[in-house]
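Q: missing the sequence, but the structure's below:
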């Protein structure tokens, strides 16, 4: 026997005795954006033009890409206060995301506007597995999930929106929100039955809700992409990926998945590993087409919006950490203007409605742009008649989450109150005076507030129970009311003057 020939035959026999195996590698990229409102860049970072530039670049260089928007974009912004979000859809559609999961702000201008802009206008697939009609049925134009196949690898994606959107915005009675965990488990199971190799959940939800999803429905997702909190977070525990990107596209997150598929004796095994990229949009030139459109919008409003309306003789601070946790000079100015307009006993507004996050030095010149950036939601004002007991319940709601910096934090005019945050929610108001006199729970008071709170938004059910004495049709935009007040009283001199006294624990 020829030894060489025998050796070759033996190798062939050995090869035939080894189970057949085939492995291949597939690279898939998930590009995440959320909570983008700003047209322009700040410090050469962020804005729609930068986001579009990143998306174009990723699409050009990646064979398998999913560009995903995790919600909140229609509002709030300066331009949205004028066109109710129409410009956002035009800007996004230049380089549209593959998938869009609605956030609470998509409902800021009501359900009809949501349907017109998002369901009919946006060139993206809309996913929200727990968003239903008023009877709990699926809504036309909204899908629960989709499966994308990349070189044989099936990626199942489903969307979730926080049920809190019902109270944080204005979806109306024709929309309902199913529980997050239950929906996640059921939807993921369906995707796996359809053959999904990797399951991605995209949620517009608070970080607390994200953590609950990962704790109670961890098996319902391999990857959780989130929006809402405006903070960049990345986490991988060896089993589940979590990612949230920075707001306004200042930084975007890309997750490059290295996927290995092995087929052996009819069995299929899929392994993957995430590689994270934090994309600083300052490193990108603006997308020319998007920038041209953004500049055309800026030109439309610049001449009028940048005209001075008056000045502030005292400093003001509208940063989130201030307006959601303590008395604010700007909020005092705002509520004084609201109370004066309807000549009510008091005025109350929520800190979450003050949005620009700016510091104004003493002597600052104020423009229409400043005010519309601070108050971008397009709210009108409502006048209510409430009992003292109902007013107290509303105030208790307002301070019930002060330790969390919740947007419901109340700012007031015509009254002062002492608050003990160490006490349980519902028992924190220890003293209230209206017009210098102790609150009488049996007396009736007239109250000016914004239409959102008057409908029960931010948990203000007590206000929704009040008698309406002036409705929104009797009022201009609150931003316009404040502009008129500043013009009539310039220079204005608002101060932090003890309207809201937070009692510190010993």
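A: Looks like it arrived, so ask away. All of these numbers come straight from a predicted model, not from anything done at the bench.
Q: in the chain, what helix or strand scores lowest on average pLDDT?
A: helix 3-17 (a mean of 34; mean pLDDT, DSSP states H and E).
Q: immediately after that helix, which helix or strand?
A: Where DSSP states H and E defines the elements, the next helix or strand beyond helix 3-17 is strand 21-33.
Q: given that next one, what are its sheet partners and their directions?
A: strand 65-69 (parallel), strand 251-264 (antiparallel) (DSSP bridges).
Q: out of the ones you listed, deepest packed?
A: Burial of the strands paired with strand 21-33 is given as mean neighbour count (mean count of other CB atoms under 10 Å); strand 65-69 ranks first at a mean of 25. From N, CA and C alone the C-beta is placed, and that goes for glycine too.
Q: could you identify the helix or strand that succeeds that strand?
A: helix 80-83.
Q: isn't residue 196 up against residue 150?
A: No - applying CB atoms under 8 Å, one finds residue 196 not in contact with residue 150, separated by 12.0 Å.
Q: more neighbours: the two, which one.
A: residue 196 (23 against 19; other CB atoms under 10 Å).
Q: that one - nearest residue in space that isn't next to it in sequence?
A: Nearest residue to residue 196 in three dimensions, chain neighbours excluded: residue 156, at 3.1 Å (CB to CB, 6 or more residues apart in numbering).
Q: work out for me the element the one you found sits within.
A: Per DSSP H and E: residue 156 is located in strand 153-161.
Q: what pairs with that strand, parallel or antiparallel?
A: Assessed with DSSP bridges, strand 153-161 is paired to strand 145-150 (antiparallel), strand 198-204 (parallel).
Q: pLDDT on that strand, on average?
A: The average pLDDT within strand 153-161 is 98.
Q: for the helix or strand that that strand is followed by, what is the distance to the chain centroid?
A: Following strand 153-161 in sequence order, the next helix or strand is helix 165-168 (DSSP H and E). Between the centre of helix 165-168 and the centre of its chain there are 11 Å (CA atoms, centre = their mean, to the nearest Å).
Q: helix 165-168 packs against which elements?
A: The contact analysis (3 or more CB pairs under 8 Å, 6 or more residues apart in numbering; DSSP states H and E) places helix 165-168 against strand 175-177.
Q: what mean pLDDT would you report for the strand it packs on?
A: If you average the pLDDT over strand 175-177, you get 96.
Q: who touches that strand?
A: The contact list for strand 175-177, computed with CB atoms under 8 Å, 6 or more residues apart in numbering, reads 107, 111, 130-136, 139, 161-163, 165-166.
Q: which two in the residues you listed are spaced the farthest apart?
A: The span of the contacts of strand 175-177, defined through CB to CB, is set by 135 and 162 at 20.6 Å.
Q: looking only at neighbour counts, state which of the two leads.
A: Using other CB under 10 Å as the criterion, residue 135 and residue 162 rank with residue 162 on top: 24 against 7.
Q: what about that one, distance to residue 71?
A: 9 Å (CB to CB, to the nearest Å).
Q: same deal with residue 381?
A: Residue 381 is 28 Å from residue 71, by CB to CB.
Q: and residue 391, that one's in a helix?
A: Yes - under DSSP: H, G, I helix; E, B strand; the rest coil, residue 391 sits within a helix.
Q: follow-up on the earlier one: which of the contacts of strand 175-177 are buried?
A: The neighbour count (16 or more other CB atoms under 10 Å) marks 107, 111, 130, 131, 132, 139, 161, 162, 163, 165, 166 as buried among the contacts of strand 175-177.
Q: JSON lines please, covering these and showing distance to residue 229.
A: Formatted as JSON lines, the buried ones among the contacts of strand 175-177 follow (distance: CB to CB, whole Å):
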{"residue": "107", "distance to residue 229": "18"}
{"residue": "111", "distance to residue 229": "25"}
{"residue": "130", "distance to residue 229": "19"}
{"residue": "131", "distance to residue 229": "20"}
{"residue": "132", "distance to residue 229": "25"}
{"residue": "139", "distance to residue 229": "26"}
{"residue": "161", "distance to residue 229": "14"}
{"residue": "162", "distance to residue 229": "11"}
{"residue": "163", "distance to residue 229": "16"}
{"residue": "165", "distance to residue 229": "14"}
{"residue": "166", "distance to residue 229": "19"}
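Q: of all those residues, which comes closest to residue 49?
A: residue 107 (26.0 Å).
Q: from what I see, that closest one and residue 164 are in contact.
A: No - using CB under 8 Å, residue 107 is not in contact with residue 164, being 11.5 Å away.
Q: between those two, what contacts are shared?
A: By CB under 8 Å, 6+ apart, no residue touches both residue 107 and residue 164.
Q: what about the strands in the stretch 351-500 of the chain?
A: With DSSP state E, counting those that start in this stretch, the ranges of strands along the stretch 351-500 of the chain come out as 359-360, 364-367, 381-387, 410-413, 415-419, 429-434, 437-438, 444-450, 467-470, 500-502.
Q: any idea which of the ones you listed scores lowest on pLDDT?
A: strand 467-470 (a mean of 91).
Q: pLDDT weak spots in the stretch 201-350 of the chain?
A: For the stretch 201-350 of the chain, no stretch has pLDDT under 70.
Q: returning to what we had before: where do the contact lists of residue 162 and residue 71 overlap?
A: 104, 204, 228.
Q: that older thread, more neighbours, residue 381 and residue 71?
A: Taking neighbours as other CB under 10 Å, residue 381 and residue 71 compare with residue 71 leading, 30 against 25.
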